[in-house]
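Novice: Got a sequence here, can you model it:
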Amino acid sequence: MAAPIQRLPEGTLNHLQKKILFTLFFLALYRIGVHIPIPGVDTFRLGEYFRSQGANMFGMLNMFSGGGMERFSLFALGVMPYITSSICLQLLTVAVPYLEALSKEGDAGRRKITQYTRYSTVVFALIQGWVMVGHIETAQFAGGMLVLEGGLSWRLLSVLSLTAGTAFVMWLGEQITDKGVGNGISLVIFASIVASLPSVVTNTYTQFNSQQIDLFRVLLLIAICIAVVLGVVFVEQGARQIPVQYAKRQVGKKIFGGQTSHLPIKVNTASVMPPIFANSVLQIPLTIAAVRANSSFGEVFARLFVPGGWLYNVVYVVMIVFFAFFYTSMTFKADDIAENLKKHGGFVPGIRPGARTAEYLNKVLQRLTLVGAIYLSAICVLPSILSARFNVPFYFGGTSLLIVVGVALETFRQIEAHRQSLRYDAFLKQSAVKARRGV
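Specialist: A predicted model of the protein is given here:
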């Protein structure tokens, strides 16, 4: 006979509902800010300009900003300056002894590193904003300028507006992480990509009706999307279960321990962070090439280093593999796990507790990370190669689908964890009430 479904007592979901509503409200604020343009730009001509560049790097940057670039909105830079700053701080944490010592000081040290990340985010936003504003001010489309009335005062106003917008988006992401559900920065990128999907579907349908794209290519795109979604779901749910045996110990007349458990290590421990980091780093040379588009360097670079090109894909794969290993080493501390197992009397069968267990965990982790890096590279690169091979007239890559599916899975996983926690808390409260009543 099947066990009855345990329902949560009335009122126990209020906390989770508040978290979800809080997350949705802040994401709605972000989407509102994306539609607030900075004055002084011909937004119609600017939108046409970015849409005409849809198959190159501008399409990718516009997608990650949720359409903020083509509107030249307050949030046009999105969270990319914050991600670049986070990468730099994490790399410096390994290289600089002071930052390494801060990272080992617990919550106080992490708060200090977070503060440095915020400061450097503002610096990166100022630099990227200045470069972006300069490019838009000098760019032309359909024989006309994109900026209605430029000049130094307009440029300074635009740079400060973009920087303030990035700081606000960073604050939104941190608030979602602290008080909402899921990783705030990842959800902001998720919202940006999802917001652009309806326009992609509409444009595909329009191009199919006008015979700019044939039925075979439409079916190919659908098949690629389904394959990517299935592949992401399959791999993201995979984990290596390492058996852990706990030794028996006697406390008074009672014997504790002796049970067997498992230590799960995900195949892709880094989740969607390596592609996000890689895209953020690759924006730097792409932005330089866009600014110097009329120079010989810019022309050669733009011809060789474009999304879908062989050089871009090679560098992209190298960056994904690097950040997969780097991010995994930052988040999964085999030495700490081995030490905790040893303190609680746990050991891996056939492996000595302590240093040997840490070596074994590192060996397993490196193999899984290699498989995860290959999987991430294939998901991110192969769809863009196929779309370039069949001349898809807009930017399409597996990176966007990977981020959407990966972030959705992680968010649902956290929601389920909250539900389990609420169920456990409700059970403890009911047990306490019964104990007081003598039931």
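Novice: Where does the record place the domain boundaries for the chain?
Specialist: The chain breaks down by automatic domain parsing into domains covering 11-205, 213-430.
Novice: mean confidence score for the first one?
Specialist: So the one you mean is domain 11-205. What domain 11-205 shows for mean pLDDT is 84.
Novice: How far off centre is it?
Specialist: When distances are taken as Cα atoms, centre = their mean, to the nearest Å, domain 11-205 is centred 13 Å away from the chain's centroid.
Novice: Just send the domains of the chain back as a markdown table, with mean neighbour count too.
Specialist: Yep, even glycine has a C-beta here, placed from its N, CA and C like the rest. Below are the domains of the chain laid out as a markdown table (neighbours: other Cβ atoms under 10 Å):
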| stretch | mean neighbour count |
| --- | --- |
| domain 11-205 | 18 |
| domain 213-430 | 17 |
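Novice: Helices of the stretch 201-350 of the chain, residue ranges please.
Specialist: Using DSSP state H, counting those that start in this stretch, the helices of the stretch 201-350 of the chain run over residues 215-236, 273-291, 296-304, 310-331, 334-343.
Novice: Among the ones you listed, which one carries the weakest average confidence?
Specialist: Taking the mean pLDDT of those, helix 296-304 comes last: a mean of 68.
Novice: in which helix or strand would I find the closest residue to N268 other than its chain neighbours?
Specialist: Nearest residue to N268, sequence neighbours excluded (Cβ to Cβ, 6 or more residues apart in numbering): G372, at 3.7 Å. Taking DSSP states H and E as the criterion, G372 maps to helix 355-389.
Novice: quick one: that helix to helix 215-236, angle?
Specialist: Counting by axes from the mean of the first three to the mean of the last three Cα atoms, to 10 degrees, helix 355-389 points 170 degrees away from the direction of helix 215-236.
Novice: just to revisit the earlier point, nearest to G150, out of the helices of the stretch 201-350 of the chain?
Specialist: Judged by Cβ to Cβ, the one of these that comes nearest to G150 is helix 273-291, at 15.4 Å.
Novice: check which helix or strand covers the most centrally placed residue in the chain.
Specialist: Residue closest to the average C-alpha location in the chain (Cα atoms, centre = their mean): S186, at 4.0 Å. Using DSSP H and E, S186 sits within helix 184-209.
Novice: show me where pLDDT drops low in the stretch 301-439 of the chain?
Specialist: Within the stretch 301-439 of the chain, the stretches with pLDDT under 70 are 301-302, 307-308, 387-397, 424-439.
Novice: for F277, what are its contacts?
Specialist: Applying Cβ atoms under 8 Å, 6 or more residues apart in numbering to F277 gives the contacts I83, I87, M319, F323, Y327.
Novice: Spatially, what comes nearest to Q140 if we skip its sequence neighbours?
Specialist: Nearest to Q140 is L146, by Cβ to Cβ, 6+ apart, at 7.1 Å.
Novice: The residue nearest to N268 reaches T269, doesn't it?
Specialist: Yes - the pair G372 / T269 is scored as a contact, 6.7 Å apart, by Cβ atoms under 8 Å.
Novice: shared neighbours, the two?
Specialist: T328.
Novice: these two touch, right, I136 and L46?
Specialist: Yes - in this structure, I136 is within contact of L46 by Cβ under 8 Å, at 7.1 Å.
Novice: and for the two, which residues touch both?
Specialist: With Cβ under 8 Å, 6+ apart as the test, I136 and L46 both reach F72, L146.
Novice: tell me the contacts of L157?
Specialist: I38, G40.
Novice: What separation do you get for it and E149?
Specialist: Distance from L157 to E149, counting by Cβ to Cβ, to the nearest Å: 11 Å.
Novice: tilt between the helix holding G372 and helix 310-331?
Specialist: Going by the same axes, to 10 degrees, helix 355-389 is angled at 150 degrees with respect to helix 310-331.
Novice: shared neighbours of L157 and E149, anything?
Specialist: Counting by Cβ under 8 Å, 6+ apart, the residues touching both L157 and E149 are G40.
Novice: how close does the residue nearest to the centre of the chain get to N313?
Specialist: For S186, the distance to N313 - Cβ to Cβ - is 24 Å.
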